[in-house]
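Student: Got a predicted model here, sequence first, then my questions.
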Amino acid sequence: MKDSYILKHKDYNVAILHFSDSGYLLSSQILDKERLPLGCLNDNGDLNKKRLEIWWNDRAIPKDRKNIYFIKKATKCSSINKLMLKSKALSLSDHYWVTDNSNDKWKDLNYYENDFDDRLSRIVNNEIENIEFSMKTPEFTNIGNLIKRWRILDNNDRVLEKQGNEPFFQETINELIGTRLCERLGIEHVKYELDFIKNINGHQIPISRCKNVTNVNNELISAIDLYNTISVSVLKDNYYDHYIKCLENIGIKDGYKELDKMFIFDYIMFNHDRHFNNFGILRNSKKLNNYKIAPLFDNGTSLYCNTGDYAIKYPERLIKRSRGFMQIDKQLDLVKDWSWYDRKNLIGFGDEVMELLKSLESISKKRAELIRSVLNERLKDLERYIKNHKKRK
């Protein structure tokens, strides 16, 4: 049996989508090619059915989310895709949604201007006991592996709160460290802060918190969706050159400048988790223009956060591969402009990182000192690289 929904972009009808009982996309009928999610059209303008299917599936929280079992148990539903349909697939990242009711209006439903129910997220995050909740929630499209939730503050700001992995919960403080690094280097970024929530057992759990980078006028488009707007030439393109081509195709001619900063940031932070779903662009969703590079966000899986103290060594014991352009040390070779970088801005950064790490009870003094040590060695290596780079020029 097929369930039919209209894919909407704000109040524009984009496509008719047909789903299986478990919420998986079976077929589609396109109504407005211009407003299809980026990357869902082939170069000749025809629909790429596989990419549309991937876009829909990637919209749902992943199967390896830390609390996915509790989400399914609380909702009594084994299919996250089906839960997306029940909640109209509304998101606080972009302005797409689905409905089977032609009377539904964006202004009455979107979570930028309307309240949502946070009881489900509080239940599965072990903050409150199991109580009744509604499906009026953005949590089924709140992608990522870590436990997280959207929340509305008293001042009406929409904020994202994320936990870290046990036993260190280090991702939470790493987001704050990343904010401090961006401030030192003058990199446009999403500002994170550290806070604590109390679970039903009375334990204080550290979280990172940031304001939403999108709003009712501007939406986030992931790098992978932009990357798929032009077919890749296996013989001519590498990941980086192809992405630059895609940026230029939408009018961002100097996008390399922000990529330069991201590469250097990731190198300093030992961030091997930069992938094509945690950087991207912003655009005006009404006119489908005014594209710009999104500020840097989602930097917590860094600084040896999931590594035991015994393995915090420099150089890194294992060669890890970023899921972005290439290994983070090799990404330095892609940097085109070093003129903005000033090493004086990083004087004392290692000590600052150590003190911030020590502010978490779950991180020992020894661990904080080890990370300071490898970070200082990393900064020395960066200086050596820059000197050699200047000599080569």
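Tutor: Right, received. Where do you want to start?
Student: Kindly indicate whether residue 219 is helix, strand or coil.
Tutor: The three-state label given to residue 219 by DSSP: H, G, I helix; E, B strand; the rest coil is strand.
Student: so what's it bridging to?
Tutor: Residue 219 has these beta-bridge partners by DSSP bridges: residue 283.
Student: how close does it sit to residue 94?
Tutor: Distance, residue 219 to residue 94, by C-beta to C-beta, to the nearest Å: 4 Å. Every C-beta, even on glycine, is put in place using the N, C-alpha and C of the backbone.
Student: what touches both of these two?
Tutor: Common contact partners of residue 219 and residue 94 (C-beta atoms under 8 Å, 6 or more residues apart in numbering): residue 285.
Student: Kindly report the domain assignment for the protein.
Tutor: Under automatic domain parsing, the residue ranges defining each domain of the chain are 3-112, 218-392.
Student: Could I get the ones you listed in CSV, plus columns for distance to residue 195 and mean pLDDT?
Tutor: Shown next, in CSV, are the domains of the chain (distance: least, C-beta to C-beta, whole Å; pLDDT from 0 to 100):
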stretch, distance to residue 195, mean pLDDT
domain 3-112, 19, 95
domain 218-392, 12, 92
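Student: Could you dump those into TSV and include mean neighbour count?
Tutor: Formatted as TSV, the domains of the chain follow (neighbours: other C-beta atoms under 10 Å):
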stretch	mean neighbour count
domain 3-112	17
domain 218-392	17
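Student: Columns distance to residue 194 on top of those domains, output as a markdown table?
Tutor: Shown next, in a markdown table, are the domains of the chain (distance: least, C-beta to C-beta, whole Å):
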| stretch | distance to residue 194 |
| --- | --- |
| domain 3-112 | 19 |
| domain 218-392 | 8 |
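Student: thought residue 164 was touching residue 176?
Tutor: No: between residue 164 and residue 176 there is no contact under C-beta atoms under 8 Å: 11.6 Å.
Student: Could you check which of those two has the larger neighbour count?
Tutor: Here residue 164 and residue 176 are compared on neighbour count by other C-beta atoms under 10 Å; more neighbours surround residue 164, at 26 against 23.
Student: pLDDT of stretch 147-166, averaged?
Tutor: In this model, stretch 147-166 has a mean pLDDT of 96.
Student: re the thing from before, and for residue 164 and residue 176, which residues touch both?
Tutor: Common neighbours of residue 164 and residue 176, using C-beta under 8 Å, 6+ apart, are residue 208.
Student: Leaving out the residues flanking it, which one is nearest to the residue nearest the centre of the chain?
Tutor: When C-alpha atoms, centre = their mean is applied to the chain, the residue found nearest the centroid is residue 278 (3.6 Å). Of all residues not flanking residue 278 in the chain, residue 298 sits nearest, at 4.1 Å (C-beta to C-beta, 6 or more residues apart in numbering).
Student: Let me know the secondary structure of the one you found.
Tutor: Once three-state DSSP is applied, residue 298 turns out coil.
Student: Helices of the chain, start to end?
Tutor: Taking DSSP state H, the helices of the chain run over residues 49-59, 68-75, 80-86, 106-109, 119-124, 170-185, 223-227, 239-249, 256-268, 328-331, 349-358, 365-392.
Student: As a markdown table, those with distance to residue 152 would be great.
Tutor: Below are those laid out as a markdown table (distance: least, C-beta to C-beta, whole Å):
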| stretch | distance to residue 152 |
| --- | --- |
| helix 49-59 | 22 |
| helix 68-75 | 20 |
| helix 80-86 | 21 |
| helix 106-109 | 15 |
| helix 119-124 | 12 |
| helix 170-185 | 20 |
| helix 223-227 | 27 |
| helix 239-249 | 33 |
| helix 256-268 | 30 |
| helix 328-331 | 36 |
| helix 349-358 | 28 |
| helix 365-392 | 34 |
